[in-house]
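Trainee: Pasted the sequence and its predicted model underneath.
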Amino acid sequence: MRDAGDPPDQAAAALRRGELILLPTETVYGLGADAADPRAVAAIFEAKGRPRFNPLIAHVSDAAAAEAIGLFDAAARSLAQAFWPGPMTLVVPVRDRTRVCDLARAGLDSVAVRVPGHAQARAVLSMFGGPVVAPSANRSGRPSPTTFADAVEETGFAVSAAVDGGPCAVGLESTVVSVLEGRVALLRPGAVTRAEIEAVVGPLDGSGDGRRSPGRLAVHYAPDAPVRIEATQPRPGEILLGFGPGVGDPRWSLSPSGDLREAAANLFRLFREADRTKPAGIAVAPIPSSGLGEAINDRLRRAAGFVG
Ligand code: TXA
Ligand code: MG
């Protein structure tokens with residue numbers, strides 16, 4: 001097990017050799033590879049045990065680099081301007097099919113792109129110079145890693161460089177928004193909220209919510225212990241992850257003060273810590289559904305096995 005991280009230049013060099021890296025971002029840790037190299041991309045699918053129909057996000061250093069690989073209309077540009085660098089991914093028609101290879105896009109005519117805000121992610125991307133595909137660094141179906149140690153534990157065996165960017169400030173994956181054929185739709189709720197997106201582009205297209213994101217179909221984000229949501233009391237052997245004052249043991253609280261940002265940042269780490277105690281189950285207190293609560297409840301429902 002590695003305990004010290006590698007500097008960004010070593011990660012960029014590994015990418016150039018077609019090898020995998022652990023890439024810290026503000027959302028979760030990613031398992032990165034050169035997006036143009038099908039062999040490197042294949043190694044990501046293999047390390048994660050990820051089905052090949054589930055496309056990856058290409059990370060780039062700025063909006064100009066994003067426009068080199070995808071086609072941005074006025075709405076996509078205004079979203080990029082409002083939220084990049086930051087925890088938002090845009091799915092747009094693909095412009096250059098080689099810079100993000102077919103396997104990375106799962107053969108789709110669209111491409112998912114994001115400009116992360118994390119300083120070390122940006123250092124790696126600018127040193128490498130091309131798009132880096134990076135799914136969350138967990139093995140498929142498990143909670144995303146939000147600390148360096150958790151990322152190393154999940155997929156450290158597959159990488160030749162691992163950058164330690166500290167604990168992820170956001171703790172939930174990026175919001176995925178598609179801008180296709182003049183329609184803007186929310187494919188995956190995340191750190192940037194629905195209301196924040198609608199403030200920029202107006203009402204979202206509700207007809208396709210969640211349907212065009214192939215990765216959204218499976219049970220996901222799940223710890224080993226069964227998850228029970230909307231719980232007010234723990235059952236025998238369960239750990240209760242509380243929210244707000246006086247709910248459960250403060251040691252296991254997502255946010256003792258009832259703060260959604262804090263709860264998002266703690267969720268996946270507490271899933272993992274709870275799992276290590278081998279509980280009969282993990283119960284989670286009700287979380288309000290407004291704002292960031294939409295993304296938290298989305299992950300909780302999927303961890304509990306409710307799809308859709
Ligand atoms: O915060 C994040 O987004 C993290 C960090 C590492 O950047 N990455 C991440 O990647 O969560 P991943 O692979 O775990 O999730 C990518 C999501 C999947 O649900 C996938 O199906 C969707 O984006 N996606 C990627 N390309 C797409 C496309 N062309 N059309 C629709 N959905 C797409
Ligand atoms: Mg993931």
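Mentor: That came through, no problem. Since the model is a prediction, treat every value here as computed from it, not as a measurement. Ligands and ions are numbered 1, 2, ... in the order given.
Trainee: in the protein, which segments are predicted with low confidence?
Mentor: Confidence mapping of the chain against pLDDT under 70 gives the ranges 1-3, 207-219, 307-308.
Trainee: when you scan the longest helix seen in it, is anything in it near ligand 1?
Mentor: Counting residues, the longest helix found in the chain (DSSP state H) is helix 260-276. No: looking at helix 260-276 against ligand 1 by CB under 6 Å from any ligand atom, there are no contacts, and the closest approach is 11.5 Å. No exception for glycine: its C-beta is placed from N, CA and C like everyone else's.
Trainee: For the stretch 151-300 of the chain, just list every one of the helices.
Mentor: Taking DSSP state H, counting those that start in this stretch as the criterion, the stretch 151-300 of the chain carries its helices at 194-201, 260-276, 293-303.
Trainee: Touching the first one from outside, list them.
Mentor: Put plainly, it is helix 194-201. Contacting residues not belonging to helix 194-201 are listed as 75, 78-79, 82-83, 88, 175, 177, 184, 186, 204, 291, 294 [CB atoms under 8 Å, 6 or more residues apart in numbering].
Trainee: Recalculate using a threshold of 10 Å.
Mentor: When contacts are taken as CB atoms under 10 Å, 6 or more residues apart in numbering, the neighbours of helix 194-201 outside the stretch itself are 74-76, 78-79, 81-83, 88, 175, 177, 179, 184, 186, 189, 192-193, 203-204, 209, 290-292, 294-295.
Trainee: Could you tell me the angle between the direction of it and that of helix 293-303?
Mentor: Counting by axes from the mean of the first three to the mean of the last three CA atoms, to 10 degrees, helix 194-201 lies at 130 degrees to helix 293-303.
Trainee: what do you get for the longest one?
Mentor: Direction vectors for helix 260-276 and helix 293-303, defined by the same axes, to 10 degrees, enclose an angle of 20 degrees.
Trainee: Only C-alpha atoms, please: export the longest helix of the chain in PDB.
Mentor: Coordinates of the C-alpha atoms in helix 260-276 are reproduced here as PDB (Å, rounded to 0.1, in the frame of the first residue of the first chain):
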ATOM      1  CA  LEU A 260     -26.000  19.700   3.100                       C
ATOM      2  CA  ARG A 261     -22.500  20.600   1.900                       C
ATOM      3  CA  GLU A 262     -21.000  18.900   4.900                       C
ATOM      4  CA  ALA A 263     -23.200  15.900   4.500                       C
ATOM      5  CA  ALA A 264     -22.200  15.600   0.800                       C
ATOM      6  CA  ALA A 265     -18.500  15.800   1.700                       C
ATOM      7  CA  ASN A 266     -18.900  13.100   4.400                       C
ATOM      8  CA  LEU A 267     -21.300  10.600   2.800                       C
ATOM      9  CA  PHE A 268     -19.000   8.200   0.900                       C
ATOM     10  CA  ARG A 269     -16.300   8.300   3.600                       C
ATOM     11  CA  LEU A 270     -18.800   7.400   6.300                       C
ATOM     12  CA  PHE A 271     -20.200   4.600   4.100                       C
ATOM     13  CA  ARG A 272     -16.600   3.100   4.000                       C
ATOM     14  CA  GLU A 273     -15.900   3.700   7.700                       C
ATOM     15  CA  ALA A 274     -19.200   2.100   8.600                       C
ATOM     16  CA  ASP A 275     -18.500  -0.900   6.400                       C
ATOM     17  CA  ARG A 276     -15.200  -1.500   8.200                       C
END
